[in-house]
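J.: Next one to model:
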Amino acid sequence: MARVLVAMSGGVDSSVAAALLKERGFEVIGVTMRFWSKEECDYTRFHERSCCSLEGIEFARKAASVLGIPHYVVNASEVFRKFVIQDFVSEYARGRTPNPCVRCNQFVKFRWLLQYALKLGCEYLATGHYARIREGRLLMASDREKDQSYFLWPIRREDLGRILFPIGDYRKSEVRELARRLGLPTAERPESQDICFIPDGDYASYVAKFSPEALKPGPVYHVDGRLLGRHRGIARYTVGQRLEEVGGLGARLYVKEIDAPSATLKVAERYRLFAVGLRGSEANWLVDPPSGWFRAEAAVRHGPERVRSKVRALEGGQIEVLFFEPIWAPAPGQSVVLYDGESVLGGAVIDEILWERD
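T.: Next up is the predicted model:
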């Protein structure tokens, strides 16, 4: 009987993942990661939609009890702070838009927790993600509306054989129905929010606690060189965001570039924010990348939008992607993920945008 460690957040998806694996005959161990020190726990107590709240831990414990499996809480606060929170703050301070869910998957769930599972003598790590792994390839979930493969591109190729996504073939409605049928206390729990450590959504104030200079006011220029006004700190903005503070030009203006060293924003009309390509770094390949240019579909944000592109892998973990049709406002710091149909080929962190119009 194979032993599997299931990451249980206290939500319905991970609870049903554990239930399905038990039905399949695995020896299932549930674990919930605690991302906060004891001093911080009171802060998370009141945010029930946080995937790492104290309430989430209690729901995971109750679900494990119903399933008759052991459940443990493991302290992951140090690795979470180092690889997720510190990166989040430093990226916003650099004028970029990080994706903490990608970082958490890359360094916490599918590296640190996977190693923890192996130390426990487990052969597999399972989570409640909507994705599938078949014959060593990462695939989109059957439920395209819930598909989370965009966030999973940094999983190391050699680790795919030790990871299980039990609900990847189910629709969300089916997962909830299974939870009700099993009497799981998580059956009606709402979806967790995107940024678990910023429950009020005020990213700028959170970044300012660690990097006050990120809220330093600075100039706003039109891309044609005209000075239009002042902004309230680069941490408040991302590429593609409509700027409300300046106007009078008879057109809606959007952030096109953020220069952190000079605390400068450059803005433009919407039609100027279409990109014809990008360059990225920290590439991770889940297949052998072809030499030279090859074709793939590229996604620059979570969702159904993908565009046909040509791609080439460069030295040093760099990639270049050229779109066959322009994409609106990709943001440095976010991910570009490459697909061949439902198969994830790999991905990278967006560094540089190649604009259609400058």
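J.: CA atoms for contacts and neighbours, from now on please.
T.: Noted.
J.: could you pull out the strands for the stretch 251-358 of the chain?
T.: Secondary structure of the stretch 251-358 of the chain (DSSP state E, counting those that start in this stretch): strands at 254-259, 264-268, 274-285, 294-299, 307-313, 319-328, 335-340, 343-355.
J.: closest to residue 135 out of the ones you listed?
T.: strand 343-355 (11.2 Å; Cα to Cα).
J.: orientation of that closest one relative to strand 335-340 in degrees?
T.: 130 degrees (axes from the mean of the first three to the mean of the last three Cα atoms, to 10 degrees).
J.: Show the contacting residues for the closest residue in space to residue 56 that isn't next to it in sequence.
T.: In this structure, residue 56 finds its nearest non-sequential neighbour in residue 10, 4.3 Å apart by Cα to Cα, 6 or more residues apart in numbering. Contacts for residue 10 (Cα atoms under 8 Å, 6 or more residues apart in numbering) come out as 32, 51, 55, 56, 57, 58, 59, 60, 61, 63, 186.
J.: surely the fourth one meets residue 11?
T.: Which is residue 56. Yes - Residue 56 is in contact with residue 11 according to Cα atoms under 8 Å; the separation is 7.1 Å.
J.: What subset of the contacts of residue 10 is buried?
T.: 32, 51, 55, 56, 57, 59, 60, 61, 63, 186 (16 or more other Cα atoms under 10 Å).
J.: Any idea which of those residues the model trusts least?
T.: For those, the weakest pLDDT value sits at residue 51, with 54.
J.: helices and strands of this protein: which one bottoms out on pLDDT?
T.: Least confident helix or strand of the chain, by mean pLDDT, DSSP states H and E, is helix 41-45 with a mean of 45.
J.: I'd like to know which elements the helix or strand following that one is packed against.
T.: Counting by DSSP states H and E, the element after helix 41-45 in chain order, helix or strand, is helix 54-67. Here helix 54-67 touches helix 12-23, strand 27-34, helix 41-45, strand 71-75, going by 3 or more Cα pairs under 8 Å, 6 or more residues apart in numbering; DSSP states H and E.
J.: Look up how far residue 122 lies from residue 26.
T.: With distances taken as Cα to Cα, to the nearest Å, residue 26 is found 10 Å from residue 122.
J.: intersection of neighbour lists for the two?
T.: Joint contacts of residue 26 and residue 122 (Cα under 8 Å, 6+ apart) are 2, 3, 4.
J.: neighbour-wise, which of the residues you listed leads?
T.: For the shared contacts of residue 26 and residue 122, neighbours were counted using other Cα atoms under 10 Å, and residue 4 has the most, 26 neighbours in all.
J.: Quick one: the strands of the stretch 251-358 of the chain as TSV, columns for mean neighbour count and distance to residue 91 too.
T.: Listed next are these as TSV, based on neighbours: other Cα atoms under 10 Å; distance: least, Cα to Cα, whole Å:
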stretch	mean neighbour count	distance to residue 91
strand 254-259	22	12
strand 264-268	24	16
strand 274-285	21	14
strand 294-299	20	21
strand 307-313	20	24
strand 319-328	19	20
strand 335-340	25	13
strand 343-355	22	11
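J.: nearest to residue 18, of those strands?
T.: strand 343-355 (24.8 Å).
J.: that older thread, relative to residue 229, which of the strands of the stretch 251-358 of the chain is closest?
T.: Judged by Cα to Cα, the one of the strands of the stretch 251-358 of the chain that comes nearest to residue 229 is strand 264-268, at 9.9 Å.
J.: Which elements pack onto that closest one?
T.: Short answer (3+ Cα pairs under 8 Å, 6+ apart): strand 264-268 packs on strand 218-222, strand 254-259.
J.: So for it, mean pLDDT?
T.: Mean predicted confidence for strand 264-268 is 96.
J.: Same question for stretch 66-73.
T.: The model assigns stretch 66-73 a mean pLDDT of 97.
J.: ditto for stretch 84-94
T.: Taken as a whole, stretch 84-94 has a mean pLDDT of 95.
J.: Please identify the buried residues of it?
T.: 84, 85, 87, 88, 89, 90, 91, 92, 93, 94.
J.: Return stretch 122-131 as CSV; C-alpha atoms alone will do.
T.: C-alpha atoms of stretch 122-131 as CSV (Å, rounded to 0.1, in the frame of the first residue of the first chain):
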residue,chain,number,x,y,z
CYS,A,122,5.7,8.8,1.6
GLU,A,123,5.9,7.9,-2.0
TYR,A,124,3.7,10.7,-3.2
LEU,A,125,2.5,14.3,-2.4
ALA,A,126,-1.1,15.1,-3.3
THR,A,127,-2.9,18.5,-3.4
GLY,A,128,-6.4,19.7,-4.4
HIS,A,129,-5.2,21.5,-7.5
TYR,A,130,-7.3,21.4,-10.7
ALA,A,131,-4.8,19.8,-13.0
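J.: Correct me if wrong: residue 9 contacts residue 32.
T.: Yes - if you go by Cα under 8 Å, residue 9 and residue 32 touch, sitting 5.8 Å apart.
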